[in-house]
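# Below are the sequence and a predicted model for it; my questions follow.
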Amino acid sequence: MAAKSTRSGSYPIQSQDYTPHPEPGPPTVEQETTFPRSIRALRNADEADDHGRTLVICLDGTGDQFDHDNSNVVNFVSCLRKHTLGKQVTYYQSGIGTYDKGGLKNGIGAAADMAVGSGLGIHIKDAYRFLMQNYREGDKICLLGFSRGAYTVRCLAGMLHKVGLLPAGNGAQINFAYKFFKDDSPEGWKMSAEFKKTFCTNVDVYFVGLWDCVASVGFIPRKLPFSKSPTNSIHYFRHAMALDEHRSKFKVCQWQHQDPNLKRSATVDLTPKAQVKRGMKKSFQLFGVGKTKQSKNDGHVANGTVNLNEVNGVGGEGTEEKDHFDGGVSEDYKGMTRKDIEQEKLERYFEALDATRRKHHAVKTDVLEVWFMGCHADVGGGAVKNEERHKLSNIPLRWMIRQCFECNTGILFDTAALADHGLDMHSLWPKYVPPQEPTMEPAPSTIDMYNKSALAPLNRRSALLRIGTYHRRADEEDFSAFREAHQSALLPESTEDYFDARAPINDQLKQAKGWWVLEFWPIKVRVLAKCGLGWEKKVRMNLGRYRSVREKSPKLHWTVQHMVAEGRYKIKPRTAHDCVWEKYV
């Protein structure tokens, strides 16, 4: 839940007297409750019996796979129940650069794949193939990913929206489906609509959960249709983003709203290429040659059909810089290049056509993007060894798992695994209880144990809970004595967050100096306009420039606010003058 907006000082956040947060009383509810071995991510466990199957697709980041420093994608997968075909089917895919169609990659091949993202199509098609072979009508599709795996997730969702899902056993058609999906020409959009109508089924993606999605794949940025813009077939979109990442090739790829009332500062593209295009006077039309015609409904839908060959041309008027900082980003195409405007219109007209063929109305996506402390791998995991007791990546991992419950995904989790990742089980089952911001710091004895590195490992937490139909010890008195002796292992979730927030930030520009080579490569960057109320896109060397936060009310996880209030952390991303951070619990 969101709390009030705050602001102060050199960064827009209120500096109030920090009231340390309370350590809740002994978790007697957890101790006395017998938890089932697996629980569904539902707000009310009474609904579990009526819940259908869930398909969970997890796509890892560049070079990430199961190893000694696992990402949050692997950690999330470790919490899932597997081999429950009637209730849930899971799929994990290691990151770009780890394999191709010929098998595992290593050496030069792996490095090249990670550098230019040559295996992106293979990863998208493999995940699509899994869905094709396993989907049944009524299944909930949940997609999760980190880094370029998060970008792959968005591409997969875009492919499902643009060309639909082929029936099982049609593997020979997947390459054709992908070809039409990635073709962003007017003819490609038209053929995608026809391919979807002829061969495929409309499916909705219920949940998309991303850890720090990056905008580019490789040295050469690639954009596939619907990979960055929203689709109308996603119910819930959740995104954990890194405040401290500042490498040039790790620009965060946020949800692009199409709401005219969007509270985000506009961006004007002032790169040389864009300015030349805006200066061209000849008329430009998206489809065919000659003057196009506009229907009564602005060309969207006429008599239940959409003519993709009747689209208004993109005008070059009204793009003076002074008009760019007074509204949303997409609605009026303000500050966008001609190519971006073309694609935006193509997507909108495709959606209008698609809407005439859908059995159900398009959904309005519930979007939540929250900023967390740390760099890229501090949010998505993989920055430190698995056995490290406290790490920043634990916080967005627990947050994402909680979002699965808040969004009623029905994902089937292993109870012991959730406990061993630091979650308060009594707040997840049998009724979901949203987290509350703590108001007191942990007990002095607990802080003393933390300072001495004497806290019990996380994987001991589940041993202190009754899970399943049997007791861990036949003699209840022995179990009670065991539990009392190891009570410190069952710390409240807020206390785990409190200590994890004190873990060091893993900045790759400091730890691996080789990344600086790319900082001197000219790229498009956003710089704050002189008026301070909007952004200008220019070609610059990045030189370790921190990310731009374009929202006017960006959401900040409560652990960041507490660290700022304690003087342990300073928010570094660039914001507009009218930006006010909103604390999120």
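Arrived safely. What you see is a predicted model; the values in this text were computed from it and never measured. Numbering: from 1, shown residues only.
# Could you double-check that residue 231 sits in contact with residue 163?
No: checked against CB atoms under 8 Å, the pair residue 231 and residue 163 is beyond contact range at 12.0 Å. No exception for glycine: its C-beta is placed from N, CA and C like everyone else's.
# Contact partners for the residue nearest to residue 252 when sequence neighbours are not counted?
Leaving aside its chain neighbours, residue 252 sits nearest to residue 241 (5.3 Å; criterion: CB to CB, 6 or more residues apart in numbering). Contacts for residue 241 (CB atoms under 8 Å, 6 or more residues apart in numbering) come out as 212, 252, 254, 369, 370, 371, 372, 379.
# just residue 423 next, same as before
By CB under 8 Å, 6+ apart, the contact list for residue 423 reads 398, 401, 402, 493.
# Next up, phi/psi of residue 370, please.
When read as degrees, to the nearest 10, the backbone of residue 370 gives phi -130, psi 140.
# In contact with it, which residues?
Here residue 370 is in contact with 239, 240, 241, 399, 555, 556, 557, 584 (criterion: CB under 8 Å, 6+ apart).
# Ok, residue 232 next?
Taking CB under 8 Å, 6+ apart, one finds 161, 351, 354, 355, 362, 363, 364, 365 in contact with residue 232.
# From residue 140, how far out is the fourth one?
If I follow you right, that is residue 355. Separation of residue 355 from residue 140 (CB to CB, to the nearest Å): 22 Å.
# These two: which has the busier surroundings?
When neighbours are counted by other CB atoms under 10 Å, residue 140 comes out ahead of the other of residue 355 and residue 140, with 20 against 14.
# Surely the more buried one touches residue 41?
No: Residue 140 is beyond contact range of residue 41, at 10.3 Å (criterion: CB under 8 Å).
# ranges for the strands of the stretch 451-585 of the chain?
Taking DSSP state E, counting those that start in this stretch as the test, the strands found in the stretch 451-585 of the chain are 466-467, 522-528, 535-541, 548-549, 555-557, 574-575, 582-584.
# I should have written the stretch 51-200 of the chain there, sorry.
Along the stretch 51-200 of the chain, counting by DSSP E, counting those that start in this stretch, strands occupy 54-59, 88-93, 99-100, 103-104, 140-146.
# For residue 383, which of those strands is the nearest?
Residue 383 sits nearest to strand 140-146 of all the strands of the stretch 51-200 of the chain, at 11.8 Å, using CB to CB.
# Can you list the buried residues in the closest one?
Under the neighbour-count criterion of 16 or more other CB atoms under 10 Å, strand 140-146 has 140, 141, 142, 143, 144, 145, 146 buried.
# if we can go back for a sec, check which helix or strand covers the residue nearest to residue 252.
Taking DSSP states H and E as the definition, residue 241 sits inside strand 234-242.
# ok and that strand relative to strand 140-146, angle-wise?
Interaxial angle, strand 234-242 versus strand 140-146 (axes from the mean of the first three to the mean of the last three CA atoms, to 10 degrees): 20 degrees.
# what about strand 234-242, distance to the chain center?
Computed by CA atoms, centre = their mean, to the nearest Å, the chain-centroid distance of strand 234-242 equals 4 Å.
# ok, back up a step: what is in contact with residue 140 and residue 41 at once?
Shared contacts of residue 140 and residue 41 (CB under 8 Å, 6+ apart): 409, 410.
# Dump the longest helix anywhere in the chain to CSV, restricted to CA.
Criterion DSSP state H: the longest helix present in the chain is helix 338-355. Only the C-alpha atoms of helix 338-355 are listed here, as CSV (Å, rounded to 0.1, in the frame of the first residue of the first chain):
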residue,chain,number,x,y,z
ARG,A,338,8.7,9.9,-36.9
LYS,A,339,9.5,6.2,-36.6
ASP,A,340,8.2,6.1,-33.1
ILE,A,341,5.0,7.8,-34.1
GLU,A,342,4.6,5.4,-37.0
GLN,A,343,5.0,2.4,-34.7
GLU,A,344,2.7,3.9,-32.0
LYS,A,345,-0.1,4.3,-34.6
LEU,A,346,0.5,0.9,-36.1
GLU,A,347,0.1,-0.7,-32.6
ARG,A,348,-3.0,1.3,-31.9
TYR,A,349,-4.7,0.4,-35.2
PHE,A,350,-3.7,-3.2,-34.7
GLU,A,351,-5.3,-3.2,-31.3
ALA,A,352,-8.5,-1.7,-32.7
LEU,A,353,-8.6,-4.5,-35.3
ASP,A,354,-7.8,-7.1,-32.7
ALA,A,355,-10.6,-5.8,-30.4
